[in-house]
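Asker: got a structure for you, letters missing:
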């Protein structure tokens, strides 16, 4: 009886990998780092994971999503192996790969790899009308949420201040998550907040529809010019004013923007990255319907705004799909 039990348990243990991997072998579990649950990153990660999980019988991959502190956290977690993929602003990808900003002491992060770009993100400055803030220069001496530590949002805010000749010490800075900022503004606890995000956005709608009258402040003129002259990853952006009818703006706000990108590490297996890339591009039309911020996406635009080399798994798909012509040649490593 004991022998039968032992053999039965042994048979069960041997069969488990095939049970959990659709008969192909052991399952591969991957985690995608995103951002706050009200932003665009989180549903983006959710959509990618659903696409891959739907093909579990083909790939044996189980993908999950993690809400995180944003770009810097995601890049560092990908490099440490705590995450397999992460969504990061294009400027943070550039800084990590070249060893700038938070990575200045540790140096260039040469194991970082690009997968694809996703959507444009605008540096959005929202201020109460009562505060009298009508330009970046007007932020001096005001209570401003710059963004939580470890977020791309914070660095963008600091860049904008610097372009206007200001620094963090020139404002009464708060460093809370963007999700909390609209409530703080409507409670009168801050005068303004920065939020780098795709539009339309629920947090910005919440802020403009609250009891405090607000405006989306233009980041234009000399400030915009200084940013685009200094940094290759910044570009002029125009926000859809019609999406925020309760704001005090009388025209579409002008600002500066970056791009959200999906990154990974050179250590992540090629077949895993290939599967992620293929499912997003093969289901491109469905992916575009995920959020209004994606309405102008093209397959070609999803290969722009990248700074780290393309992961070999992603490159394999792009070669099959005839898309390598849209990739910066310097990012292709054989």
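Answerer: Okay, I see it. Since the model is a prediction, treat every value here as computed from it, not as a measurement.
Asker: where in the protein is pLDDT low?
Answerer: Low-confidence segments of the chain (pLDDT under 70): 1-25.
Asker: helix/strand/coil for the residue lying closest to residue 301 once chain neighbours are set aside?
Answerer: Nearest non-adjacent residue to residue 301, counting by Cβ to Cβ, 6 or more residues apart in numbering: residue 117, 6.7 Å away. All C-beta atoms are positioned from the backbone trio N, CA, C, and that covers glycine. Following DSSP: H, G, I helix; E, B strand; the rest coil, we place residue 117 in the strand state.
Asker: in the stretch 1-150 of the chain, which spans are strands?
Answerer: Under the criterion DSSP state E, counting those that start in this stretch, the stretch 1-150 of the chain carries strands at the ranges 28-33, 61-66, 85-89, 112-128, 143-145.
Asker: got those as a markdown table, with mean neighbour count and distance to residue 310 columns?
Answerer: Shown next, in a markdown table, are the strands of the stretch 1-150 of the chain (neighbours: other Cβ atoms under 10 Å; distance: least, Cβ to Cβ, whole Å):
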| stretch | mean neighbour count | distance to residue 310 |
| --- | --- | --- |
| strand 28-33 | 21 | 18 |
| strand 61-66 | 19 | 20 |
| strand 85-89 | 30 | 14 |
| strand 112-128 | 25 | 5 |
| strand 143-145 | 24 | 35 |
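Asker: of the ones you listed, which is nearest residue 289?
Answerer: Taking Cβ to Cβ, strand 112-128 is the member of the strands of the stretch 1-150 of the chain nearest to residue 289, at 12.9 Å.
Asker: so residue 145 is in contact with residue 193, correct?
Answerer: Yes - between residue 145 and residue 193 a contact is recorded at 3.8 Å, counting by Cβ atoms under 8 Å.
Asker: name the residues contacting each of those two.
Answerer: Counting by Cβ atoms under 8 Å, 6 or more residues apart in numbering, the contacts common to residue 145 and residue 193 are 174, 178, 181, 184.
Asker: tell me the contacts of the nearest residue to the first one once chain neighbours are set aside?
Answerer: Excluding its sequence neighbours, the residue lying closest to residue 174 (Cβ to Cβ, 6+ apart) is residue 145, at 4.2 Å. With contacts defined as Cβ under 8 Å, 6+ apart, the neighbours of residue 145 are 173, 174, 175, 176, 178, 180, 181, 184, 190, 192, 193, 194.
Asker: and the second one, how far is that from residue 154?
Answerer: When Cβ to Cβ, to the nearest Å is the yardstick, residue 174 and residue 154 sit 11 Å from each other.
Asker: higher neighbour count, these two?
Answerer: Per other Cβ atoms under 10 Å, whichever of residue 174 and residue 154 has more neighbours is residue 154, with 23 against 18.
Asker: that one contacts residue 160, correct?
Answerer: No - using Cβ under 8 Å, residue 154 makes no contact with residue 160, being 11.0 Å away.
Asker: between residue 174 and residue 154, what contacts are shared?
Answerer: By Cβ under 8 Å, 6+ apart, residue 174 and residue 154 have these common neighbours: residue 146.
Asker: reformat the strands of the stretch 1-150 of the chain as CSV; add distance to residue 323.
Answerer: Shown next, in CSV, are the strands of the stretch 1-150 of the chain (distance: least, Cβ to Cβ, whole Å):
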stretch, distance to residue 323
strand 28-33, 22
strand 61-66, 22
strand 85-89, 19
strand 112-128, 10
strand 143-145, 39
